[in-house]
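[1] sequence below, structure please.
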Amino acid sequence: MKKFLFLFIFTFSLFSACSSDETTTYYLIRHAEKDRTDKTNKNPDLNKVGQERAVKWANRFKNVPFDAIYSTNYNRTLQTATPTSESKSLEIIKYNPSKMYDSIFQQETKGKTVLVVGHSNTTPAFVNKILAEEKYKDIDDNNNANLYIVTISGDEKTSILETVE
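    Presented below is the predicted three-dimensional model:
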């Protein structure tokens, strides 16, 4: 009888561990408005409006319990992420947009709530990669207000697109 009880408890525990339903949530945004005065500058800073938007993003995310913040290694993306990272006391983790949503990123972020700051072409591409479908197009160059929220719960993936002015 003890063996049967032990086997039952072991099987139940194993089943519970395997069927745990972790939820991963990604918040993905494009960098805020950049300084366009020098057309030759490949790595511009944010302009005044962009700096203000970066603070607005931090305010928008004030009640979001981020576990990690990722940004490409450009001034404009890092400066967009900084107010949020400072308010959450989180370091910004730099990522390579050519390796979006690879197995390492998936493993590191599984079950977490994550902010990802990218660009007009990489942000929707990142969302599409997570969703495994071509749902979103590149962001218009004058649009810095899109917020994509992707949730993965078990095998189910959902996304919403908000505009945050």
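[2] contacts and neighbour counts: CA atoms only from here.
    Will do.
[3] following the helix or strand of the chain with the lowest mean pLDDT, which helix or strand shows up next?
    Ranking every helix and strand in the chain by mean pLDDT, DSSP states H and E puts helix 2-18 at the bottom, with a mean of 43. As assigned by DSSP states H and E, the chain's next helix or strand after helix 2-18 is strand 23-30.
[4] tell me which helix or strand comes right after that following strand.
    helix 48-60.
[5] now do that next one and strand 23-30, the angle between them.
    Here the directions of helix 48-60 and strand 23-30 differ by 160 degrees (axes from the mean of the first three to the mean of the last three Cα atoms, to 10 degrees).
[6] can you name the residues in contact with helix 48-60?
    32-34, 79-84, 87 (Cα atoms under 8 Å, 6 or more residues apart in numbering).
[7] again, only using 6 Å
    32-33, 80, 83-84 (Cα atoms under 6 Å, 6 or more residues apart in numbering).
[8] want to throw those residues into CSV with pLDDT, distance to N59 and neighbour count?
    Formatted as CSV, the contacts of helix 48-60 follow (pLDDT from 0 to 100; distance: Cα to Cα, whole Å; neighbours: other Cα atoms under 10 Å):
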residue, pLDDT, distance to N59, neighbour count
A32, 98, 14, 30
E33, 98, 17, 25
T80, 98, 12, 31
P83, 98, 9, 20
T84, 98, 8, 25
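[9] which members of the residues you listed define the maximum pairwise distance?
    The largest separation in these, counting by Cα to Cα, is between E33 and T84 at 16.1 Å.
[10] assign V116 to helix, strand or coil.
    strand (DSSP: H, G, I helix; E, B strand; the rest coil).
[11] just for the chain, where's the confidence low?
    1-21 (pLDDT under 70).
[12] list the buried residues in stretch 108-124.
    109, 111-124 (16 or more other Cα atoms under 10 Å).
[13] whoops, I mixed them up, stretch 151-158
    Neighbour-count burial for stretch 151-158 [16+ other Cα under 10 Å]: 151-152.
[14] so what's the gap between it and the chain middle?
    Distance of stretch 151-158 from the chain centroid (Cα atoms, centre = their mean, to the nearest Å) equals 15 Å.
[15] got it, and stretch 30-38?
    Centre to centre, stretch against its chain (Cα atoms, centre = their mean), the figure for stretch 30-38 is 20 Å.
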